[in-house]
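1. Got a predicted structure here, sequence first:
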Amino acid sequence: MFNDANVIAITLTLKLAFIVTVLLLLIGTPIAWWLSQTKSHFKGVIGAVVALPIVLPPSVLGFYLLVALGPNGPIGRLTQALGIGTFPFTFSGLVIASVLYSLPFVVQPIQNAFEAIGPRPLETAATLRASPLDCFFTVVIPLAWPGFISATVLGFAHTVGEFGVVLMMGGNIPGVTRVISVQIYDYVEALEFGHAHQLAALMLVFSFVVLLALYTLNPTSRKIK
Amino acid sequence: MSSGTITARFNLPLPGFTLDIDLILPSTGVSVLFGHSGSGKTTLLRCIAGLERASGHLSINGIDWQTNNFFLPTYKRPLGYVFQEASLFTHLSVMNNLKYGMKRSKGKDLEQSLEQSIELLGIKHVLNRKPDKLSGGERQRVAIARSLAVNPKILLMDEPLASLDMPRKQEILPFLERLRDELAIPMIYVTHAADEVARLADHLVIMSAGKAVASGTLTDTLSRLDLPVHLGKEAGVVLQAKIIEIDHQWSLALAEFEGGNLWIKDSGFQLNQAVRLRVLARDVSLSTEPQQQHSSMLNTLPAIVNDIATSEHPALRMAQLKVGNSLLLCRVTARSIVALNINSGSSVWAQIKSAAFIE
């Protein structure tokens, strides 16, 4: 049904989305917890920084990342000095960019779920001898479970659907950075509408199924966005 | 600090007032923290639990839980805590709620302590349910059992009945009385309901604007005339008594207290049974004559007027009476005080219209 180029693009996209989602849950959960519990003055600032990708044009985020991680950028110099090389136009660079780009879509549902729990279950657990870490795993995570499901689905789907950041940061290297959305762009540029239709339809069905699942299985997630 | 007591000294500025406490509570029985909402009683309980962090000092039976440079976190304090709302974990069954704290507690006989709590609170039939399938009263009973299953050294209860309606409250009160009578650990109980004080308290602390304005045994504290918190219609004393005679013909029982005998309605008493009687100030009247021949009054006792104080209404006076070794409160009109020429030190007859049996 799909040609080799398409299969490569689909596989690459799924691999990227999977890795990014796992990283997002690992990074996003502590951030969401901090944001939900803190009374610090920095809460607003950190919250805004995390939410930036929601409103920022992806090309802007991609541009800054390209500059910062590039050979002459501050982070790029550091990574070169450490012998890691530079990230732009590599799969790792794509992962970094995608994590930043999809972060709010993971942090916010989890943060909302944490906030909805309120202080009482945490206090109850403390009076029942549970240390804060113990309480987090045995009370907070089970109670916030719907938030984690929303976060996983949204993080995965959002990574699959990104385009601007990928193009700026990853370029268009088959098998390395050419994900489905870039592949579609290529087909359209080359006026190969037939191929473009196949992938576009795939994305449409995928996105619809994801949102349908989210809204029907987990009705409370509707208020998240 | 001395062992065998609970000493608490806290200072915590709050919006509106400052919690400023220096208290010694007995390490046995039920100490009730009583006061209006906003008096700081719940905050004090939360400080004892470590849920609120005030500056100060706390030691329980000689073991420091908080000093100037030490603060034992809540999860390391061997306490049981019951919140106003049951606060069960909704993702766990009743049984797993009960076991949550137990699994994390040290001590032998925890299984037995769990069995006992289940038995004591009568919740065997709901163990496999989820909390949202329980009635309000059942939920609160599970919460109490859960706090006991950790084998606590002290039980803290924050208005456990306040969120329940009257029938549910009546459902749980007997369980709380059983706890008081069967547990060997001290209980600190927060409430703003005078009837719960009368039924449960051994020691009474009255809170007002962040301070403990009175602290003493229930009998002493309730019989004070200078109580800063007006109990209004609920003003009255609690007497410890013993059933010494039962009159089956008229369904009456004679209760002996330190000061005399009172006839009360027989509630299926046993001879020699210890009972707690509540005598409200409005149910006591004064007479300068002994028992009138044509009176329906069953209980008339000789008394000495200790003191007379103003009451919440200009027409009313509150008199403290000494009956044997016990104190009674009596609410009379100012006019009667003058008409009968009653002063401090007068010998009078106290007519007790009713004495409610409260346990």
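-> Noted; the coordinates are in hand. Numbers count the residues shown, from 1 in each chain, chains lettered A, B, ... in the order given.

2. who does the host helix or strand of A:K15 touch, helix- and strand-wise?
-> Element membership of A:K15, judged by DSSP states H and E, is helix A:4-37. Using 3 or more Cβ pairs under 8 Å, 6 or more residues apart in numbering or on different chains; DSSP states H and E, the elements in contact with helix A:4-37 are helix A:43-55, helix A:91-117, helix A:145-160, helix A:180-189, helix A:193-217. Just so you know, the C-beta spots here come from the backbone N, C-alpha and C atoms, and that holds for glycine as well.

3. how far out from the middle of the chain is it?
-> 5 Å (Cα atoms, centre = their mean, to the nearest Å).

4. Enumerate every residue touching the nearest residue to A:A97 once chain neighbours are set aside.
-> Of all residues not flanking A:A97 in the chain, A:M169 sits nearest, at 4.1 Å (Cβ to Cβ, 6 or more residues apart in numbering or on different chains). For A:M169, the contact set (Cβ atoms under 8 Å, 6 or more residues apart in numbering or on different chains) comprises A:G62, A:L65, A:L66, A:L69, A:F87, A:P88, A:F89, A:G93, A:L94, A:I96, A:A97.

5. at 7 Å what do you get?
-> When contacts are counted by Cβ atoms under 7 Å, 6 or more residues apart in numbering or on different chains, A:M169 touches A:G62, A:L65, A:L66, A:P88, A:G93, A:L94, A:A97.

6. give me the residue from chain A nearest chain B.
-> A:L128 (3.2 Å; Cβ to the nearest Cβ).

7. Do I have it right that that residue meets B:R104?
-> Yes - using Cβ atoms under 7 Å, A:L128 is in contact with B:R104, at 6.5 Å.

8. And those two? Which one has more around it.
-> A:L128 (30 against 16; other Cβ atoms under 10 Å in any protein chain shown).

9. contacting residues for the closest residue in space to the more buried one that isn't next to it in sequence?
-> Among residues not flanking A:L128 along the chain, B:G101 sits closest, at 3.2 Å (Cβ to Cβ, 6+ apart). Going by Cβ under 7 Å, 6+ apart, B:G101 touches A:L128, A:R129, B:R146, B:A149, B:V150.

10. So B:G101, which state does it fall into?
-> helix (DSSP: H, G, I helix; E, B strand; the rest coil).

11. Flag the shaky bits of the chain, pLDDT-wise.
-> No chain specified, so I'll use chain A. Applying pLDDT under 70 to chain A flags the ranges A:1, A:218-225.

12. You answered for a different chain; I wanted chain B.
-> Low-confidence segments of chain B (pLDDT under 70): B:1-3, B:228-230, B:232, B:291-293, B:359.

13. In it, which residue sits nearest chain A?
-> Closest point on chain B to chain A, by Cβ to the nearest Cβ, is B:G101, at 3.2 Å.

14. For burial, what's the neighbour tally of the closest residue in space to A:W34 that isn't next to it in sequence?
-> In this structure, A:W34 finds its nearest non-sequential neighbour in A:I46, 7.6 Å apart by Cβ to Cβ, 6+ apart. By other Cβ under 10 Å, 15 other residues sit near A:I46.

15. Point to the residue nearest the middle of chain B.
-> By Cα atoms, centre = their mean, the mean C-alpha position of chain B lies nearest to B:A201, the distance being 2.6 Å.

16. Could you tell me which residues of chain A lie near chain B?
-> A:120-121, A:123-124, A:126-131, A:139, A:142-143 (Cβ under 7 Å from any Cβ of the partner chain).

17. circling back to that earlier point, same question for the helix holding A:K15: list its buried residues.
-> The neighbour-count check on helix A:4-37 (16 or more other Cβ atoms under 10 Å in any protein chain shown) flags A:5-6, A:8-10, A:12-13, A:16-17, A:19-21, A:23-25, A:28-29, A:31-36 as buried.

18. same thing with stretch B:188-206?
-> Buried residues in stretch B:188-206, defined by neighbour count with 16+ other Cβ under 10 Å: B:188-192, B:194, B:196-206.

19. now stretch A:181-196
-> In stretch A:181-196, counting by 16+ other Cβ under 10 Å, buried: A:S181, A:V182, A:Q183, A:I184, A:Y185, A:D186, A:Y187, A:H195, A:A196.

20. quick one, helices of chain B?
-> B:41-49, B:94-103, B:110-121, B:136-148, B:166-182, B:194-200, B:218-222, B:334-339 (DSSP state H).

21. what is the orientation angle of the fifth one with helix B:136-148?
-> Going by axes from the mean of the first three to the mean of the last three Cα atoms, to 10 degrees, helix B:166-182 is angled at 20 degrees with respect to helix B:136-148.
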